[in-house]
Structures are given as structure tokens and as C-alpha cells.
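Visitor: structure here, sequence nowhere to be found:
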């Protein structure tokens, strides 16, 4: 690995499912010499899809980190999943990356999950390149996908290449920077290629595209505007640094093309990654919060800075135990040293540090600012924790997990396996924040929640294979959430005798509805903080309110879009106003206030994109109407009709079978979570009647 920060690239490969992320990553590793024979997804032998479940299904489930070198630059790559059920893997990867390669299918174009990962990259201001893959496929259309990038994603997409040939005749690319044609030799798996003159039939298009590229760069970059106005053109020595500045600033998305499966166009993509995507040194200082003062601070991405690192992922390795993936932003994380965890307020001893090569590791003594690696042996870390210097502790913004939309009951095969099942699910939940489990107090059942049917299926399969813990499962069901629709206030006095001891305290609790998607907020007023001097008792109030929110008031679903404030507290006596009293009063008082605030159910709504032959549109629309769906718009893509719709998740069980039946197997669809919305009265009554 290079020691110069400017020669380091931390990038992610992101896309809609089946756009070719893993194949592109595999070819990158092949051309950089990291592997000597590339694998293929359909053969189940790729480097980054190493889980048994990934190889069986031909999809990426977990993000995998891997490192390679190209022309003096070190590249840390994270290959992410494309399936909507594993969107959390993309979220936490983009949180720590400096740049991303967004892969698009030349036939499918900008698909629903493409839009999701684009929004995630926008959230973290991640500079991007676009790679239009599968140019050899029937129906491939480079210009159409570029236009979709501009219209659907509002991206300033500017081609740096044009394809030579299309569909089966695709054989290479025109490089608009060098104004040369690059033709690949399939017999050498694309390792050999010929750089020559641009084919005569493409010369006019190439000159026009080059002029458009230069003009767009000059419009956006004042540094080259004067040279452009003087000459009407720019040299590559002027153009390349200007493109880099625009990409790093998020003002331009260079577009390249190729076919990873057929070994064409990947080397120029590697050149573009090194040339245009930022190094850690190009990124702004990372924002943090000073633990002692609560003030905002920044940490420079430099080895001279105090240690600042983020634990962004946890996974279990059968040989070394739990791996804590870290991105170091400032300072140096050293083997044998201590790091401070501001959440637990405890030191963690760094016992072992490794660099990652998918499912293999290479031990190292340190990770410097800008590095991505993993630590073994941390005791109390969770996803989103900060590791920092104890001298000036700070914490970075945590990674937020989306709300699970589906759940099912799960129980051990035998009563002897109950503890093992709980321990195994705790390990899965530590790895994956979208995997949640709880025990239903009314039924005694253990409830496992996740992001969809496939997610739950994978979790149960992992319990069986990795943790040797077989379980019986119920039918997957929609995970509704509860909310309130108006403000309410209650004064609740808890006064009970438990186990021969009196516990008593009074709390005033107010609840208020928040906007959709705002989540939950717990507030302790200044009066409460003054009345209750013991910090531990304040934590008991927060815990009680949090427990109340987690169990809801209508049907034991968690609550969201709600703010709860403990307004005041009345202490009876230090002996009886104890931990039990505060926690119980907070939970029961919250329930009383929430019941008075017109609680309702929210149901998950999915966004669908259906690709169907035009003659089947009538049947599709009729079926969507029967499922309480709303059609947003329709457009044509080639000779196929694209239908965009929103449908409640509860109405989409078995949809893949239904759509095949309606269209004689000719239609396909993809979906992603869109929002939670108030459930209709009929749905509310159905849930309460269960």
C-alpha cells in the first residue's frame, strides 16, 4: 500500500441488482494483477461473493472490501449489494467512501435501485463516475442511458467515451480525451487491446462529443474558461485536472462504457478512477461532536491529526471471530494501543489489525488516516461507534438503519436450543442493524424482523449454516408501525409495592406527532434535569420512554414519527423514587399519553417499476388497482412499456407469480421501499382483530 494519501482511492461499486457490479469488481482485480484468473457470477466463483448464499443465488448480500493497485495508486474497493433488501450495506459503505462507480445496465438504464443508491451517494456528497455496462447486450443504448442519468437522476452526466459498435458488434470505445479508438482482444480476456484511429463512421460523432465535453468543462471551471475563450479548445493537460476538480466538487459525472463480462472497457475505467475520483486528501475534514463540550468540531484527514475512526460494519469470520470494519479519518490506529469509545465511555485495546481481501485477511501493524481495514477483538463496539483519542474525545455521526418492513415468528427446534438461538440472533443483529428481534410479551414468541422476504430467508439460512442453529419459522408478515396523530399530555403517578418494597414517582409526559420519516425523539426538559440530580435515574426515564416507543400502544408494533418529552418529575422520597419507579412511570405514563393522542397504524408502501409488453398493460393496471396501488406514470423503453406505481407491501405477497400469470411470463418488476403511510380503516380493523 502506498503511504502517500494523494495516491489512495476509497471507492464503492454501486448499482441496481444485476447491473454487473460484482463482475466489474472481478475484472478490476484481474487487470490489476490481484487475481490471475477471473471468476463469473453465474459460475459462483467470484472473489467478492464468497458467502455460500451469494454463490447459490448469484447475488451480492454483504458488502466486501478488497484492495488492489493500478499505475502507482492504491485502491480500496467495496463491492455492494444491489438487492433492495440489503440497502443498509450500501448505506454504511457510502458513509465511509470517498468516491463511487455507479454501474448501469445499457439495456435497463436507470432502474429503481439505481435511483436509491444515487440518493444515498447524494446524502453523503460522494463524487461519482458512471459506467454503462453490458454494451454487448441486445437493446443496449448508450445515449438513452446518458439521457436517463440527466433526466431521472438530475446528474450532469458527460461522456468521456463513445462505444465502437453496439450489441453483438460492440468491440471497444472511443476515448474523447486522447481522441483514439481502443479495440479489445477477446482471446486474451481483454488484457491486450489496440489503440488506433477513430473509425471513420464515428469521427463526426466523436468530434461533436469532444467539443461538448470541452464546452461543459469550460462553463463550470473558471480556471480553464480563459484558455477556452482564447483557443476554442483545451489541451488534455488543461482538461484532465479541470474534470477532476469538477468531479471532486460534485459538479460533473463522467460517463464511460463497456462490457465487464466480455472484458471490454474496464482498463479505462480504472484509469478514470485514479485520474478523477478523489483521494482522502481531496475530501473535506470530517465533522464530529466534541464529547466534553457538545460543540461541533472537524478532524482533518491526516496522520498528524488525533485518532478519529468509524466502525461502519461488523462481520463474523469462522477463523478469527468478529471483524470490526473501520475507516480511519484522522491519526493512526495502532496494534497494541488503546482507542476510546465515546458511546460506552470505555477504552478498547486494539489486539489485531488486518487489511481485507474479501474473505481473507492480511495482518498489519497500523491503519493510517484514509485507510479502510478491520480490527479483531473489540469487546463492546457496535456499528456506527467512533474510536478516538481519549485526550480530546469526539464522536462522528452514527449510521442510521432503515425501519424493517417485514417480520416472522421464529422458535428453536428444541427447548434446549433456545439460548443458542438467542445468542445467534444477537450476533446477526450486531452485524446487520436492519435485522432486529424481540420477544412478544403477550404471546411469548420471538419475532425476527428484516427488510423483506429474501432478507428473512437469508437470515434463517445463516442461522442454520453458520451458527448451526436450526429453527422453525412462521409465515413472513408485514411489519406495520404505529404513530400518533395529535398532541397529548398526561400526569402519571406510579406507586406500587413490588417484592415487599414500595416504588413511587410522578412524571408529566407530553407526546407530539412529527413529520413522516422524522423517526423518534426523546426529550428531558431542563426542569426534569434539575429535579432529578442523579444521571443514572435520568437514564432510567429515557429507557422507560424508549421501551414504551418500542412496544407501541395498539398492537405492540414500534412507534415512529413521534416526540416524547418528560416535562416534570415529582419525587416522593429518595428511598422509593428509585430506578424501578422511574423506568416504570416513564413507560406507563408514555402509554397513557400515546393512547390519548389518537394512535394509528402506518403501513409500508413500495415503489414498483414494471416492465411489460404493451398488450398486457390493461391486465397489469387492473391488478394494481385491486392491490390498492397508485400508478405514478408510464413510459416506453424500446418496445416495452414501463409502469411506475406505489403499492402497499401487504398486497405484494406472491406478486412475482401473479405478474407471470398475467403476462404469460413476459413481464418483470423491481421494487424498493418508498415510505410509511397511514393505514386505511379496514387495515386497522384487520390488524386489531388478529
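Guide: Nice, thanks for sending it over. None of these values were measured; they are calculated from a predicted model. Residues are numbered from 1 along each chain as shown.
Visitor: residue nearest the centroid of the protein?
Guide: Nearest to the mean C-alpha position of the chain, by C-alpha atoms, centre = their mean, lies residue 91 at 1.9 Å.
Visitor: that residue contacts residue 399, correct?
Guide: Yes: between residue 91 and residue 399 there is a contact under C-beta atoms under 8 Å: 6.6 Å. Using the backbone N, CA and C atoms, a C-beta is placed for each residue, glycine as well.
Visitor: chain center to the helix or strand in which residue 242 is found: distance?
Guide: Assigned by DSSP states H and E, residue 242 belongs to helix 236-248. Its chain's C-alpha centre and that of helix 236-248 lie 29 Å apart, by C-alpha atoms, centre = their mean, to the nearest Å.
Visitor: and stretch 175-185, by the same measure?
Guide: The answer for stretch 175-185 is 35 Å, by C-alpha atoms, centre = their mean.
Visitor: show me what counts as buried in that stretch.
Guide: 175, 176, 177, 181, 182, 183, 184 (16 or more other C-beta atoms under 10 Å).
Visitor: partners of the last one in the sheet?
Guide: Partner residues in beta bridges with residue 184, using DSSP bridges, are residue 193.
Visitor: and it, what pLDDT?
Guide: Listed pLDDT for residue 184 reads 92.
Visitor: average pLDDT across the helix holding residue 242?
Guide: On average, helix 236-248 scores 93.
Visitor: mind listing the helices for the stretch 201-350 of the chain?
Guide: For the stretch 201-350 of the chain, helices defined by DSSP state H, counting those that start in this stretch occupy the ranges 203-220, 222-231, 236-248, 266-276.
Visitor: what are the buried residues along the regular element (helix or strand) spanning residue 676?
Guide: Per DSSP H and E: residue 676 is located in strand 668-678. Neighbour-count burial for strand 668-678 flags 669, 670, 671, 672, 673, 674, 676 (criterion: 16+ other C-beta under 10 Å).
Visitor: hmm, who's touching it?
Guide: Strand 668-678 is contacted by residues 16-17, 84, 87, 111-113, 115-116, 402-403, 405, 451, 481, 483, 485, 516-517, 560-561, 600-611, 646-647, 649, 652, 655-656, 659 when judged by C-beta atoms under 8 Å, 6 or more residues apart in numbering.
Visitor: what lines up beside it in the sheet?
Guide: Sheet pairing for strand 668-678, using DSSP bridges, gives strand 599-612 (antiparallel).
Visitor: so how far is the strand holding residue 676 from its chain's centroid?
Guide: With C-alpha atoms, centre = their mean, you get 16 Å for strand 668-678.
Visitor: please apply the same query to stretch 115-122.
Guide: Distance, centroid of stretch 115-122 to centroid of chain: 9 Å (C-alpha atoms, centre = their mean).
Visitor: neighbouring contacts of it?
Guide: 14-16, 80, 82, 84, 87, 90-91, 94, 100, 102, 128, 152-153, 155, 672.
Visitor: on that earlier part again, how about a markdown table for the buried residues of strand 668-678, with pLDDT and distance to residue 8 added?
Guide: Formatted as a markdown table, the buried residues of strand 668-678 follow (pLDDT from 0 to 100; distance: C-beta to C-beta, whole Å):
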| residue | pLDDT | distance to residue 8 |
| --- | --- | --- |
| 669 | 81 | 40 |
| 670 | 77 | 35 |
| 671 | 78 | 37 |
| 672 | 77 | 32 |
| 673 | 81 | 34 |
| 674 | 84 | 37 |
| 676 | 90 | 40 |
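Visitor: coming back round to it: the residue nearest to the centre of the chain: what's it in contact with?
Guide: Applying C-beta under 8 Å, 6+ apart, the residues contacting residue 91 are 120, 399, 400, 401, 402.
Visitor: can you classify it by secondary structure?
Guide: helix (DSSP: H, G, I helix; E, B strand; the rest coil).
Visitor: next one: it from residue 185, what distance?
Guide: The gap separating residue 91 from residue 185 is 40 Å, by C-beta to C-beta, to the nearest Å.
Visitor: now the contacts of residue 91: which count as buried?
Guide: Going by neighbour count (16+ other C-beta under 10 Å), these have 120, 399, 401 buried.
Visitor: tell me the pLDDT of the last one.
Guide: Just to be clear, that refers to residue 401. Confidence score, pLDDT, at residue 401: 77.
Visitor: so it is in which element?
Guide: Residue 401 belongs to no helix or strand, assigned by DSSP H and E.
Visitor: how about the nearest residue to it, chain neighbours excluded?
Guide: Ranked by C-beta to C-beta, 6 or more residues apart in numbering and with sequence neighbours excluded, the top spatial neighbour of residue 401 is residue 433, at 3.7 Å.
Visitor: avg pLDDT for the host helix or strand of residue 619?
Guide: Under the criterion of DSSP H and E, residue 619 resides in helix 617-626. Average pLDDT, helix 617-626: 93.
Visitor: return the list of helices and strands in contact with it.
Guide: strand 599-612, strand 630-637, strand 640-648, helix 655-663 (3 or more C-beta pairs under 8 Å, 6 or more residues apart in numbering; DSSP states H and E).
Visitor: the closest residue to residue 168 other than its chain neighbours: neighbour count?
Guide: Excluding its sequence neighbours, the residue lying closest to residue 168 (C-beta to C-beta, 6+ apart) is residue 136, at 6.5 Å. Residue 136 sits with 20 neighbouring residues when counted by other C-beta atoms under 10 Å.
Visitor: helix, strand, or coil at residue 136?
Guide: On the basis of three-state DSSP, residue 136 is classed as coil.
Visitor: hmm, it is touching residue 259, no?
Guide: Yes: with contact defined as C-beta under 8 Å, residue 136 reaches residue 259; the gap is 4.3 Å.
Visitor: list residues touching both of these two?
Guide: Joint contacts of residue 136 and residue 259 (C-beta under 8 Å, 6+ apart) are residue 170.
Visitor: gap between residue 620 and residue 428?
Guide: Look at residue 620 and residue 428: by C-beta to C-beta, they are 37 Å apart.
Visitor: those two: who's more crowded?
Guide: Counted by other C-beta under 10 Å, residue 620 and residue 428 do not tie: residue 620 has more neighbours, with 25 against 21.
Visitor: just checking, the more buried one touches residue 659?
Guide: Yes: counting by C-beta under 8 Å, residue 620 touches residue 659, with 7.4 Å between them.
Visitor: derive a PyMOL selection command for the buried subset of the contacts of stretch 115-122.
Guide: Buried subset of the contacts of stretch 115-122, written as a PyMOL selection, criterion 16+ other C-beta under 10 Å:
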select buried, resi 14+15+16+80+82+84+87+90+91+94+100+102+128+153+155+672
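Visitor: from the contacts of stretch 115-122, which land in strands?
Guide: Per DSSP state E, strands hold the following members of these: 14, 15, 100, 102, 128, 672.
Visitor: of all the helices and strands packed on helix 617-626, which one is nearest residue 344?
Guide: strand 599-612 (32.8 Å; C-beta to C-beta).
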